[in-house]
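Trainee: prediction below, plus the sequence it came from.
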Amino acid sequence: MKELEVKLFSQMLKHCEERYGDRPALTCQDKTITFRQLKTAADRCSLRLADAGFKKGDKAVLWGFNGIEWMIAFYGVTQMGGIAALMNYGLKAADVSTFSEMINASWGIIGGNTISVVDKNAAANALIDGGVPARHIFPAAAFAAAEAFAPLNGKEREMADTLAAQTKPKDSQVIIYTTGTTSMPKAVLQSSYSILSNVEGALMAMGDYVDSPFCLALPTFHSYGLMAVNGWLLRGCHVFLTPILKPDILLKMIYENHIVNMCSVSAIYDLLTSMPEFEEKLCGQLKMCVVGGGFTTPVEMMRLEKRLGGGKLIGGYGQTECSPTITLESYDDPLEKRANSIGRSLPNHDVRIWKEGCGFVKQGEIGEIVVKGPSLMNGYYGLPEEKQAIDKDGWLHTGDLGRVGEDGMLQFAGRIKDIIIRSGENISPVEIEQVLLEQPEVLEAKVMGAAHPIWGESVEACLVLKNRGASLDEKDFRERLKQKLASFKMPSHFFVYDSFPLNENGKLNQRALHTDMVARLDELMLTAAMNEGLRILDLRVMNRGYNIVPSCSLVDQLADQLGFERHKIERIRLSVEEMLTDRIANAFDENGVIRMEILLMPQWMRLRFTDTGRMYSLESENASLSARIILANVDSYASGKTASGETKYCLDYQYNDDFNVKDYLMHFKGAN
């Protein structure tokens, strides 16, 4: 690989100042600064922090909406050797406190965020709770005030250069928290070298189509947004930022400023093109639309590109651990190819498919996506070697599955941890989700596994319907799915949601969805079981000398747990005692065997007694005293024959009106 032209953020800013000078660099809302002003303000930020005691290697939390002041603070911290810990502007105060303490942050720079717009002191207090001294907390706006753009004098220039010179390209300079769907975020350590190497690789892949002006409709605290803004700035493009990703604001900004390139997620493009004014004002204006996060189905991408009226959607694949881009599609690739892949590896990276026990696999085979190259992170902050994602040979193990086609394009096949193993068959949830999303009534779909006593795992589907509040015609739905899914891939159940739970970054909170899905599944299984009677006790009495006291004690304790009132518990115990006494005597007179079961039904607890003797009618005129006591203490009684020909006697006791046995059992399961 050829040597990077710029290896540090300080070098990048100097390069841009010398080459682009007084051309506009950044615009946010009604404020614009030039490349020269950006470099000057970043230098002044570094000087001010140094005067306050900031040293190389110190960690500063950067917490705010997209904006010019955010970019200045970012460059100010990193070019002097500091580590910028980028916080999601939508995080709760408690999360920021936890993350700040987790990395031992000692500085904070606060812009507008969802906390500070409500209470300007709350954001600072969150940092203080996380261990940041109050004297080390600065408002981001201070670094974009008018005096921040005043040219540096000779002494100031010398000091700024000295501060920048102490940083080495591969020093950790950025902390970005992963936003995994199932696990706690990890603090990813990136260097200016890793980020700028990724920038260079992405620019090489996109070629001459990187154009100005450019709209970044992604948060700059996100690894993809950070890569994109640095990439377009390095090319000398005029970058437009927006603090809030609202489609009406974006449409106005793109239209009025003749923006031709854009980077966002598929949901934003969808909202933008769905606006009534889009066809009149923007259709055909956008040329290259880079997509972070991909599309749910190829059909969705094709439809969206058609609505753009000439603009091309360029997707890819990446992870924060790779700063972040791993593959990108080409502007010159036909739509069908772009819709069915996630691109080729960046020119300066090596992407392969690896399988445990086999090593690297042949073209077309599915395995784990691994990548090696200059964009790899320095590691996860604070985690031991065995929990790092880069192996001893320098390969980043993504935890994702994929295959490489004959054309060198990578195809995504799911996540290793999401693979469902049903009766020994490996099932990819992504494949099933794509089929579900092709159905006209489905807006969103997530397929997950659930523990199953026979199959190991069952396939379960969670759906959001386009018509919110509508019910799913499951019979017709299944018939359509049978045309495209093998029987072992067919979901056992379809759980319909109004919307899926999201995390702070607006991504699917898979852990929360899975927890809720399992709870729904448990309730469904529990309802089915209780309709037939959920057996929770099964005893056999094998001889006349059997002591009935333990059995009665068990029933007594259970009735108490089920919320029966004391007088009802006494009635239950008395009737059980009499039933055992009566049936043991009669059954064994005829060499029979008595069996006692306790079953929970939706509305009552049932005690069922069976034996192999002849049937006695407890309600007959000649019934025993025990029989009369039993009938006086039960809510309902029935007798009959089992399928195997045994006699059975059922004693039923209704729950209290305020007791829900399903809630009780669900709580009991959750507590254990």
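Mentor: Cool, the structure landed.
Trainee: residue boundaries of the strands in the stretch 451-600 of the chain?
Mentor: 456-465, 493-497, 534-541, 594-600 (DSSP state E, counting those that start in this stretch).
Trainee: least confident of the ones you listed, on average?
Mentor: Between these, the lowest average pLDDT goes to strand 534-541, which shows a mean of 75.
Trainee: distance to R48 added to the strands of the stretch 451-600 of the chain, as JSON lines?
Mentor: Just so you know, the C-beta spots here come from the backbone N, C-alpha and C atoms, and that holds for glycine as well. JSON lines is the format used below for the strands of the stretch 451-600 of the chain (distance: least, CB to CB, whole Å):
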{"stretch": "strand 456-465", "distance to R48": "48"}
{"stretch": "strand 493-497", "distance to R48": "49"}
{"stretch": "strand 534-541", "distance to R48": "68"}
{"stretch": "strand 594-600", "distance to R48": "69"}
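Trainee: what number of residues lie near T398?
Mentor: When neighbours are counted by other CB atoms under 10 Å, T398 registers 22.
Trainee: how about it, nearest residue that isn't a chain neighbour?
Mentor: Spatial nearest neighbour of T398, excluding adjacent residues (CB to CB, 6 or more residues apart in numbering): I369 at 4.6 Å.
Trainee: the one you found and F360, how far apart?
Mentor: 11 Å (CB to CB, to the nearest Å).
Trainee: ditto for D522
Mentor: The value you get for D522 to F360, if CB to CB is used, is 42 Å.
Trainee: who's more crowded, these two?
Mentor: Counted by other CB under 10 Å, D522 and F360 do not tie: D522 has more neighbours, with 16 against 12.
Trainee: C-alpha coordinates for the helix or strand where the residue nearest to T398 lies, CSV please?
Mentor: In this assignment (DSSP states H and E), I369 forms part of strand 367-372. The C-alpha coordinates for strand 367-372 follow below in CSV (Å, rounded to 0.1, in the frame of the first residue of the first chain):
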residue,chain,number,x,y,z
GLY,A,367,-18.1,-18.2,6.8
GLU,A,368,-17.1,-15.3,9.1
ILE,A,369,-16.1,-12.1,7.5
VAL,A,370,-12.5,-11.1,8.6
VAL,A,371,-10.5,-8.1,7.6
LYS,A,372,-6.9,-6.9,7.8
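Trainee: that one - what's its average pLDDT?
Mentor: For strand 367-372, the mean confidence score works out to 96.
Trainee: the helix or strand just after it pairs with which strands?
Mentor: Sequence order places strand 379-380 as the next helix or strand after strand 367-372, per DSSP H and E. Looking at strand 379-380 with DSSP bridges, its partner strands are strand 187-191 (antiparallel).
Trainee: how far does the strand it pairs with sit from the chain's center?
Mentor: 20 Å (CA atoms, centre = their mean, to the nearest Å).
Trainee: what's the first helix or strand after that strand?
Mentor: For strand 187-191, the following helix or strand on the C-terminal side (DSSP H and E) is helix 192-206.
Trainee: what's the first helix or strand after that next one?
Mentor: Once the chain leaves helix 192-206, the next helix or strand it forms, by DSSP H and E, is strand 214-216.
Trainee: can you list contacts of that following strand?
Mentor: Strand 214-216 is contacted by residues 66, 225, 228-229, 232, 237-242, 250, 253-254, 259-264 when judged by CB atoms under 8 Å, 6 or more residues apart in numbering.
Trainee: run through the helices of the stretch 351-500 of the chain in chain order.
Mentor: 429-437, 474-482 (DSSP state H, counting those that start in this stretch).
Trainee: please identify the helix or strand for I176.
Mentor: Counting by DSSP H and E, I176 is found in strand 172-177.
Trainee: could you give the angle of that strand to strand 187-191?
Mentor: On the basis of axes from the mean of the first three to the mean of the last three CA atoms, to 10 degrees, strand 172-177 is oriented at 150 degrees to strand 187-191.
Trainee: tell me what strand 172-177 is packed against?
Mentor: Judged by 3 or more CB pairs under 8 Å, 6 or more residues apart in numbering; DSSP states H and E, the packing partners of strand 172-177 are strand 83-87, strand 187-191, helix 192-206, helix 223-234.
Trainee: output those in TSV, with mean pLDDT, mean neighbour count and distance to P276 appended to each entry.
Mentor: Shown next, in TSV, are these (pLDDT from 0 to 100; neighbours: other CB atoms under 10 Å; distance: least, CB to CB, whole Å):
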stretch	mean pLDDT	mean neighbour count	distance to P276
strand 83-87	97	25	36
strand 187-191	97	25	41
helix 192-206	95	24	31
helix 223-234	96	25	28
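Trainee: R571 contacts N633, correct?
Mentor: Yes - counting by CB atoms under 8 Å, R571 does reach N633; the two are 4.1 Å apart.
Trainee: closest one to S551 among the helices and strands packed on strand 172-177?
Mentor: strand 187-191 (57.8 Å; CB to CB).
Trainee: which residues are contacting the closest one?
Mentor: The contact list for strand 187-191, computed with CB under 8 Å, 6+ apart, reads 83, 85, 99, 102-103, 169-178, 223, 320-321, 323, 377-382.
Trainee: okay, it in CSV with CA atoms only?
Mentor: What follows is strand 187-191, C-alpha atoms only, in CSV (Å, rounded to 0.1, in the frame of the first residue of the first chain):
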residue,chain,number,x,y,z
ALA,A,187,-15.2,1.5,23.9
VAL,A,188,-13.4,1.3,20.5
LEU,A,189,-10.0,3.0,20.4
GLN,A,190,-9.2,4.5,17.0
SER,A,191,-6.2,6.5,15.8
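Trainee: and it with strand 83-87, angle?
Mentor: 130 degrees.
Trainee: against V265, how distant is T178?
Mentor: Relative to V265, and taking CB to CB, T178 is found at 17 Å.
Trainee: what helices or strands is the host helix or strand of T27 leaning on?
Mentor: Secondary structure from DSSP H and E places T27 in strand 24-28. Counting contacts by 3+ CB pairs under 8 Å, 6+ apart, strand 24-28 packs against strand 31-34, helix 35-51, helix 68-78, strand 239-241.
Trainee: repeat that for 10 Å
Mentor: Strand 24-28 is packed against helix 9-20, strand 31-34, helix 35-51, helix 68-78, strand 214-216, helix 223-234, strand 239-241, with contacts defined by 3 or more CB pairs under 10 Å, 6 or more residues apart in numbering; DSSP states H and E.
Trainee: can you put those in TSV and add distance to S197?
Mentor: Listed next are these as TSV, based on distance: least, CB to CB, whole Å:
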stretch	distance to S197
helix 9-20	12
strand 31-34	26
helix 35-51	21
helix 68-78	15
strand 214-216	20
helix 223-234	10
strand 239-241	20
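Trainee: figure out which of the ones you listed is closest to A470.
Mentor: helix 223-234 (34.7 Å).
Trainee: next, the angle strand 172-177 makes with that closest one.
Mentor: Using the same axes, to 10 degrees: helix 223-234 against strand 172-177 is 140 degrees.
Trainee: pLDDT weak spots in the stretch 401-550 of the chain?
Mentor: Across the stretch 401-550 of the chain, residues meeting the criterion (pLDDT under 70) sit at 423-425, 454, 504-506, 529-530, 541-547.
Trainee: redo that, cut-off 80
Mentor: 421, 423-426, 452-456, 486, 503-507, 525-550 (pLDDT under 80).
Trainee: equivalent analysis for the stretch 101-250 of the chain, please.
Mentor: Ranges of the stretch 101-250 of the chain meeting pLDDT under 80: 120, 179-185.
Trainee: again, only using 70
Mentor: 179-184.
Trainee: got it, and the stretch 251-400 of the chain?
Mentor: Across the stretch 251-400 of the chain, residues meeting the criterion (pLDDT under 70) sit at 295-296.
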